[in-house]
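Participant: Task: produce atomic coordinates for the following.
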Amino acid sequence: MRALLVCSTALLAALLAASPHPASAQMKLSPRATTPGGPETRYFTSIDGLMDGNADVILKETRQGKTVTAAVLDVCYPVAKNSDRKDRFVVNLQVAGQTLTGTTQSISEKAPISVKLLRKQAGDTFEFRGQISIGQVVTEVTSPDNSDLSEKEFQDNQTSDDGITPQPKDFTDVSPEAIAVKVKLDNATDFLKSLKGQAVEVTLASLTVGCDALRAGEQTINMSVDPERAGALLAKFKATPGVTSAGWTAGMTEMDRTIRFAAADWREGDKISKDKLAAAVSNVLSRTLAAKPVSQSFNPATGKLKLVFKRPNPDFPALDLTDTIEVAGLVSPDKPGTTDKLMLWIGSPATTTADESSGAKLNLSDDTSVDEEGEQPDDNGSVEALAKELRGQRWDADKSVWK
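Facilitator: Below is the predicted model of the structure:
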């Protein structure tokens, strides 16, 4: 909290500069109907500059004609400079002519908040001057040339897509290993603690509670799980206290590197014969990559396949260098529930080169990377070769069908 107090004077200046702030979209505000001669609700969402421009601010006004009868200031901001953790305050402002005042405390840190603003209108723009205090730090506010939005304009700017598809028809738009759960903030800690010891991988970035989550009162937790366990796990999550939505979401699979094929030859009872399939994939890739298979393994949490190959480096044969090639993969049903088809996704090969010869070693560094256009390493037709081996189908992106 001390870091917040030290930096607030510089960071809170220019509270109300002009630039639309999309992160404010999920503020839960009740629409107010506008009737001729009746009250009208207007919003300032282009209030910027707070916390070095990192705060998300909404000022909601209720007006009778040009007279403000009520106002609410909602500010979400980092708890400290460069912190991903957010705090928020919502203060009901008392209106006395052109003066807006109010006090409250922040939701997370319980810091005392005091607001005093002088509001002036000049044509279609508005100026705000005054003071905002967080804790013991008082910041002078000067913000001219602000524009407001109508209720409809504000609502049109709302975004609420959490990326969750509870019942996808197949895994062409969502990834079979990627699941997400939306949980109420009051229940989020208990939910996350319940995942300890379970065979799931939680996406670290989804642990950050952003402004949208603070305003909605719900947090979306993303995780990866073996596709064969995803359906049962989601059913369990849906019955967990505080969970409001659960389903599949975007993940590792890319349709241009995915094959769909008959499941009959690759099942043992109701389970996928993963080792058998991995051996077949490894045999094909050893030919296309001209490399010797070294190992194959499945991640017990995510079901992700890891294949490792080695081959002599062809660039300078006299040095006797070795290429180690890693290829990721994922096998799953082609859709949730009962199906007679499987999907195989194969990632682009990642190659490292080292001196593994006997005796003194040549130390190497590799500063190459994928170029700016996103060109992937050449896999020498591996995906097409796998499609032929498995008698499978490739995805037609133009027609959005299997071919």
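
Participant: drop to CA atoms for contacts and neighbour counts, all remaining ones
Facilitator: Noted.

Participant: ok, and for stretch 156-173, which residues are buried?
Facilitator: Of all the residues in stretch 156-173, those buried under the rule 16 or more other CA atoms under 10 Å are Ile164, Thr165, Pro166, Pro168, Phe171, Thr172, Asp173.

Participant: average model confidence for that stretch?
Facilitator: Stretch 156-173 carries an average pLDDT of 90.

Participant: ok, now stretch 340-355?
Facilitator: On average, stretch 340-355 scores 96.

Participant: How far does that stretch sit from its chain's centre?
Facilitator: 24 Å (CA atoms, centre = their mean, to the nearest Å).

Participant: What is the three-state secondary structure of Leu233?
Facilitator: Of the three states, Leu233 takes helix under DSSP: H, G, I helix; E, B strand; the rest coil.

Participant: how many other residues sit next to it?
Facilitator: 17 (other CA atoms under 10 Å).

Participant: cool, and Arg88?
Facilitator: 23.

Participant: what are the bridge partners for it, then?
Facilitator: Cys76 (DSSP bridges).

Participant: Next one: it, what pLDDT does it get?
Facilitator: pLDDT, Arg88: 94.

Participant: can you check Val202 too?
Facilitator: pLDDT, Val202: 98.

Participant: Return the backbone torsion pair for it.
Facilitator: Backbone torsions for Val202, taken as degrees, to the nearest 10, come to phi -90, psi 130.

Participant: any idea how far it lies from Ala188?
Facilitator: Plainly put, Val202 is 13 Å away from Ala188 if you go by CA to CA, to the nearest Å.

Participant: mind listing the helices for the protein?
Facilitator: 2-12, 151-156, 185-194, 211-216, 227-238, 274-288, 382-389 (DSSP state H).

Participant: ok so, going back, considering the buried residues of stretch 156-173, which is situated nearest to Leu330?
Facilitator: Among the buried residues of stretch 156-173, Phe171 lies closest to Leu330 (CA to CA), at 12.3 Å.

Participant: For the closest one, which residues are in contact?
Facilitator: Asp334, Lys335, Pro336 (CA atoms under 8 Å, 6 or more residues apart in numbering).

Participant: for the residue in the chain sticking out farthest from the centre, phi and psi?
Facilitator: Relative to the centre of the chain, the most outlying C-alpha is that of Gly359, 47.9 Å out, by CA atoms, centre = their mean. The phi/psi pair for Gly359 (degrees, to the nearest 10) reads phi 80, psi -160.

Participant: What of the one 5 residues further on?
Facilitator: Backbone torsions of Leu364, given as degrees, to the nearest 10, read phi -120, psi 150.

Participant: Could you find the closest non-adjacent residue to Lys271?
Facilitator: Among residues not flanking Lys271 along the chain, Glu228 sits closest, at 8.0 Å (CA to CA, 6 or more residues apart in numbering).

Participant: now that neighbour: how far from Leu59?
Facilitator: From Glu228 to Leu59 the distance is 48 Å (CA to CA).

Participant: same check, this time on Arg229
Facilitator: The gap separating Arg229 from Leu59 is 46 Å, by CA to CA.

Participant: More neighbours: which of the two?
Facilitator: Leu59 (20 against 15).

Participant: Domain map for this protein?
Facilitator: Per automatic domain parsing, the structural domains of the chain span 2-156, 178-248, 255-365+374-402.

Participant: Count the neighbours of Arg311 for me.
Facilitator: Arg311, neighbours per other CA under 10 Å, totals 17.

Participant: ok, what's across the strand from the closest residue in space to Phe154 that isn't next to it in sequence?
Facilitator: Of all residues not flanking Phe154 in the chain, Tyr43 sits nearest, at 7.0 Å (CA to CA, 6+ apart). For Tyr43, the beta-bridge partners are Lys60, Leu149 (DSSP bridges).

Participant: Starting from Ser150, give me the distance back to Tyr43.
Facilitator: 7 Å.

Participant: before we move on, what about Ser133?
Facilitator: 29 Å.

Participant: just Val72 next, same as before
Facilitator: Look at Val72 and Ser150: by CA to CA, they are 15 Å apart.

Participant: the more surrounded of these two?
Facilitator: For Val72 versus Ser150, the count of surrounding residues by other CA under 10 Å is larger for Val72: 18 against 14.
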